[in-house]
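>>> let's see this in three dimensions:
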Amino acid sequence: MQDAQHMLEPKHRALLSVAAERGLPSAGGIGLCFQLLSLAAAIDRDCAARLAPHGLSEGKFVLLFLLHEQADGMAPHELAEGAGVTRATVTGLLDGLERDGFLSRKAGKEDRRKVKVKLTAKGRAMAARLLKEHTDWIGSLFADLGPRDAASLRGLLARIWSGTDAGRAASKELAS
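Model prediction:
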């Protein structure tokens, strides 16, 4: 098991050091938060490194994922909503994927303003391959956790999330 300090991003180590020097009672919680943020950043970097050889960003990968099982395609606004990005962002991502031959956009027959986005054969093959590779890789990150550990981690993360602004907003939304 690695020392928690070595898992931290340099900026987090520096901030945690200051918190410890000042004797902040919350230094332990700050350290856990920074450890979680550093883990997320490491996973993000690994993800980018796995997608880059294919000329893909995480955003483009998400669109391939969303389109993978959609034989009839999807409208750009549906893709934006599904990916959690703006319509302008999705347009840029689609432009790149279309340029690279992964998808095509077709105007509707009745209403040419209605566009459907579909994967090409190249896009379907890439999506299928990357979905398998990516899900296997993500699964491997948690392979050492047994069912009890995974359930415990899931519960702990949910408890921490409930203390965030987003978690409190979601709780209020569920209550109403």
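
>>> all strands of this structure, in order?
103-107, 115-119 (DSSP state E).

>>> show me what the first one is packed up against.
So that's strand 103-107. Using 3 or more C-beta pairs under 8 Å, 6 or more residues apart in numbering; DSSP states H and E, the elements in contact with strand 103-107 are helix 87-99, strand 115-119. Every C-beta, even on glycine, is put in place using the N, C-alpha and C of the backbone.

>>> list the contacts for Ala80?
Thr86, Arg87, Thr89, Val90 (C-beta atoms under 8 Å, 6 or more residues apart in numbering).

>>> just the buried residues of these.
For these, a burial check counting by 16 or more other C-beta atoms under 10 Å picks out Val90.

>>> tell me how the protein divides into domains.
Following automatic domain parsing, the chain resolves into domains at 1-54, 56-144.

>>> under the pLDDT cut-off, which ranges of the protein? List them.
1-5 (pLDDT under 70).

>>> tabulate the strands of the chain in CSV, adding columns for mean neighbour count.
CSV is the format used below for these (neighbours: other C-beta atoms under 10 Å):
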stretch, mean neighbour count
strand 103-107, 15
strand 115-119, 19
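
>>> could you dump those strands into CSV and include distance to Phe142?
Output for those, formatted as CSV (distance: least, C-beta to C-beta, whole Å):
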stretch, distance to Phe142
strand 103-107, 31
strand 115-119, 29
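
>>> rewinding a little: mind checking which of the domains of the chain is nearest Asp165?
Closest of the domains of the chain to Asp165 is domain 1-54, at 14.4 Å (criterion: C-beta to C-beta).

>>> now that closest one, how far from the chain's geometric center?
Remark: domain 1-54 is offset 18 Å from the chain centroid, using C-alpha atoms, centre = their mean, to the nearest Å.

>>> what about the residue lying closest to Phe34 once chain neighbours are set aside, how many neighbours?
Among residues not flanking Phe34 along the chain, His12 sits closest, at 3.6 Å (C-beta to C-beta, 6 or more residues apart in numbering). Using other C-beta atoms under 10 Å, His12 has 20 other residues around it.

>>> with distance to Glu81 added, can I get the helices and strands packed on strand 103-107 in CSV?
Shown next, in CSV, are the helices and strands packed on strand 103-107 (distance: least, C-beta to C-beta, whole Å):
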stretch, distance to Glu81
helix 87-99, 9
strand 115-119, 13
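
>>> so what's the residue nearest to Phe34 up against?
Counted by C-beta under 8 Å, 6+ apart, His12 has contacts Phe34, Gln35, Leu37, Ser38.

>>> I'd say the third one and Arg13 touch.
Meaning Leu37. No: in this structure, Leu37 is not within contact of Arg13 by C-beta atoms under 8 Å, at 11.8 Å.
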